[in-house]
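Undergrad: model this:
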Amino acid sequence: MLTLSGAVAATVLGTIVFGLGGFSWAILLLGFFISSSLLSRFLKNRKVQFNEKFSKGSRRDYGQVIANGGIAGLFVFAHFVFPESTLPWFGYSATLAAVNADTWATELGVLSKKEPHLITTGKVVERGSSGGVTWFGTGAAFIGAAFIALLAVLFWQEGVNSYPVGTTLLIFLMIAFAGLAGSLIDSLLGATLQAIYYCPACQKETERHPIHTCDTPTYQIRGLRWLSNDWVNIACALTGAILACVLGSSLAFTGWFSTSQETEGGVLMSDFQISTTAFSQGEKIPDKFTCKGDNLSPALSWSKPPAGTKSLALVMDDPDAPGGLFIHWVIYNLPLEPTQLAEGFGTPGPVLGTPGKNSYGRSGYDGPCPPPGKAHRYFFTLYATDLEPALAKGLNASQLRQQLKGHILGQADLMGTYQR
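TA: Model (predicted):
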């Protein structure tokens, strides 16, 4: 499936993605590479006649690997630098959705029973021509984008289980349509600005240069000389990523990504409360408890939980983080006594309960550390549950909330703000 140079480039890209992103990021990259490579071999004999038009064969070289996966690699770096933002995940998912949509459209579109039409003028063109589209190929593009979007919502590190079903569906559609838009930009550039050549021996247009498949030199007939198919693929990937990030930011600003402040039954227990001596409800969290200071957890105490409570769970999150909900602290399997956590809980010293994973991928408390700008809200949510304190180790907030569904007897909330 790869040339030697392609194998080297894929190894470097895969190492970056898996090393800095982890399993969930690698799954999307593998989903694109495996599905698109298999489609390149699907009904290969029927597609041989179109190879003369494409700039390269089905075996990917380093240029194709970089063109299709380079933008994705940059978003993994962005995630590494800005781990509290979910926008890198949206951009990463959408850039792979775009290149996957383009590949599926190319590999399956040429098999359409109807002749393609140029996307700009509607003129009928030969199969495999740059900028030629069919409804069949466009449908294949959307399915290819939706395939990556599905992997994105299923393997998102933060998980979509923290959000309502409607929001989850919206995230899926956002990534899928951003990917489709990227593939359409690819077709638009192919019809207008991409460098297209002509083979005088075969008397056909082609992307191949300087030598056609018949060993005849080709000459340029339109487009920008530097705008090769690889650069068009980069534009396709970038378009999907930018559109997804814009949509993701819009959803964040309109409050689609927010933490629920209700219990399972929609009833808050007014006599179940949580408080701290560090700050008052809705007031600023002192620097001591943030990344700017000692990064210690504040002392917390709570009132008697509802009858029937067997264990407690605590989640601290930031619904105002760029791109969506960011988890700062998860701890569960807390016993009913004592009814407090000391300042700097667990750092060092004995730890009650079971620490879960926050959005940094770490166990324990990581305080507010927002980007400069507006103040963010930080919710400390304490759940009273009828579950025995025996939940498995290593749960993140999404997994914990899934486990708690149907078992929450009461909920207490404390909110503080912080701004840098």
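
Undergrad: Count the residues that sit near residue 366.
TA: Per other C-beta atoms under 10 Å, the neighbour tally for residue 366 reads 21. All C-beta atoms are positioned from the backbone trio N, CA, C, and that covers glycine.

Undergrad: typo on my end, it should be residue 399
TA: Look at residue 399: counted by other C-beta under 10 Å, it has 18 neighbours.

Undergrad: Likewise for residue 89?
TA: The tally of other residues near residue 89 (other C-beta under 10 Å) stands at 28.

Undergrad: now do residue 411
TA: When neighbours are counted by other C-beta under 10 Å, residue 411 comes out with 23.

Undergrad: Now it. Its backbone dihedrals?
TA: phi -140, psi 130 (degrees, to the nearest 10).

Undergrad: Against residue 385, how distant is it?
TA: For residue 411, the distance to residue 385 (C-beta to C-beta, to the nearest Å) stands at 10 Å.

Undergrad: Also residue 365?
TA: According to C-beta to C-beta, residue 365 and residue 385 sit 21 Å apart.

Undergrad: between those two, which one's more packed in?
TA: residue 385 (27 against 22).

Undergrad: Report the beta-bridge partner residues of that one.
TA: With DSSP bridges applied, residue 385 shows beta-bridge pairing to residue 311, residue 408.

Undergrad: Next, the contact list for it, please.
TA: By C-beta atoms under 8 Å, 6 or more residues apart in numbering, the contact set of residue 385 is 309, 310, 311, 312, 313, 404, 407, 408, 409.

Undergrad: out of these, who's nearest residue 181?
TA: Checking the contacts of residue 385 against residue 181 with C-beta to C-beta, the nearest one is residue 404 at 37.8 Å.

Undergrad: Residue 205 in helix, strand or coil?
TA: Following DSSP: H, G, I helix; E, B strand; the rest coil, the label given to residue 205 is strand.

Undergrad: wait, isn't it in contact with residue 221?
TA: Yes. Residue 205 is within contact range of residue 221, at 7.0 Å (criterion: C-beta atoms under 8 Å).

Undergrad: show me where the stretch 101-250 of the chain has helices.
TA: Remark: helices assigned in the stretch 101-250 of the chain by DSSP state H, counting those that start in this stretch are 135-155, 165-192, 229-253.

Undergrad: Can you mark which positions in the first one are buried?
TA: Burial within helix 135-155, assessed by neighbour count using 16 or more other C-beta atoms under 10 Å, is assigned to 136-149, 151-153, 155.

Undergrad: now do stretch 185-202
TA: In stretch 185-202, counting by 16+ other C-beta under 10 Å, buried: 185-199.

Undergrad: ends of that stretch, how far apart?
TA: Start-to-end span of stretch 185-202 (C-alpha to C-alpha, to the nearest Å) is 29 Å.

Undergrad: And this protein, split by domain according to the record?
TA: Using automatic domain parsing, the domains assigned to the chain come out as 4-253, 274-418.

Undergrad: Where does pLDDT dip in the stretch 201-350 of the chain?
TA: Residues of the stretch 201-350 of the chain that meet the criterion pLDDT under 70 lie in 251-271, 323, 346-350.

Undergrad: Mind jotting down where the strands sit in it?
TA: Here the stretch 201-350 of the chain has its strands, by DSSP state E, counting those that start in this stretch, at 204-206, 219-222, 274-275, 300-302, 311-318, 326-334, 340-341.

Undergrad: Check which helices and strands the fourth one sits against.
TA: Where contact means 3 or more C-beta pairs under 8 Å, 6 or more residues apart in numbering; DSSP states H and E, strand 300-302 is packed against strand 274-275, strand 340-341, strand 376-385.

Undergrad: again, but for the first one
TA: For strand 204-206, the contact count by 3+ C-beta pairs under 8 Å, 6+ apart identifies strand 196-199 as packing neighbours.

Undergrad: how about the CA coordinates for the strand it packs on, as CSV?
TA: What follows is strand 196-199 as a C-alpha-only set of coordinates in CSV (Å, rounded to 0.1, in the frame of the first residue of the first chain):
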residue,chain,number,x,y,z
ILE,A,196,-3.7,19.9,-15.7
TYR,A,197,-1.6,18.5,-18.6
TYR,A,198,-2.2,17.0,-22.0
CYS,A,199,-0.7,13.9,-23.6
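
Undergrad: Check the burial of residue 394 by counting its neighbours.
TA: For residue 394, the neighbour count with other C-beta under 10 Å is 12.

Undergrad: mind checking the SS state of it?
TA: In three-state terms, and counting by three-state DSSP, residue 394 is coil.

Undergrad: hmm, back to that, which residues are common contacts for residue 205 and residue 221?
TA: Common contact partners of residue 205 and residue 221 (C-beta under 8 Å, 6+ apart): 196, 197, 198.

Undergrad: wait, which of those is closest to residue 296?
TA: Taking C-beta to C-beta as the measure, residue 196 is the one of those closest to residue 296, at 62.8 Å.

Undergrad: show me what contacts the closest one?
TA: Residues in contact with residue 196 (C-beta under 8 Å, 6+ apart) are 130, 205, 206, 207, 220, 221, 222, 223.

Undergrad: Am I right that the fifth one is in contact with residue 197?
TA: Yes. With contact taken as C-beta under 8 Å, residue 220 and residue 197 are classed as touching, separated by 5.4 Å.

Undergrad: Give the residues shared as contacts by those two.
TA: By C-beta under 8 Å, 6+ apart, the residues touching both residue 220 and residue 197 are residue 209.

Undergrad: that older thread, now the helices of the stretch 101-250 of the chain in a markdown table, with distance to residue 273?
TA: Output for the helices of the stretch 101-250 of the chain, formatted as a markdown table (distance: least, C-beta to C-beta, whole Å):
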| stretch | distance to residue 273 |
| --- | --- |
| helix 135-155 | 35 |
| helix 165-192 | 29 |
| helix 229-253 | 29 |
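
Undergrad: Pull up the gap between the closest residue in space to residue 150 that isn't next to it in sequence and residue 211, please.
TA: Leaving out its chain neighbours, the residue that sits closest to residue 150 by C-beta to C-beta, 6 or more residues apart in numbering is residue 172, at 6.7 Å. For residue 172, the distance to residue 211 (C-beta to C-beta) stands at 44 Å.

Undergrad: same deal with residue 35?
TA: 31 Å.

Undergrad: who's more crowded, the two?
TA: More crowded of residue 35 and residue 211, by other C-beta under 10 Å: residue 35, with 18 against 11.

Undergrad: So the more buried one belongs to a strand, correct?
TA: No. Under the criterion used here (three-state DSSP), residue 35 is helix, not part of a strand.

Undergrad: Now residue 416: closest residue in space that isn't a chain neighbour?
TA: residue 285 (4.1 Å).
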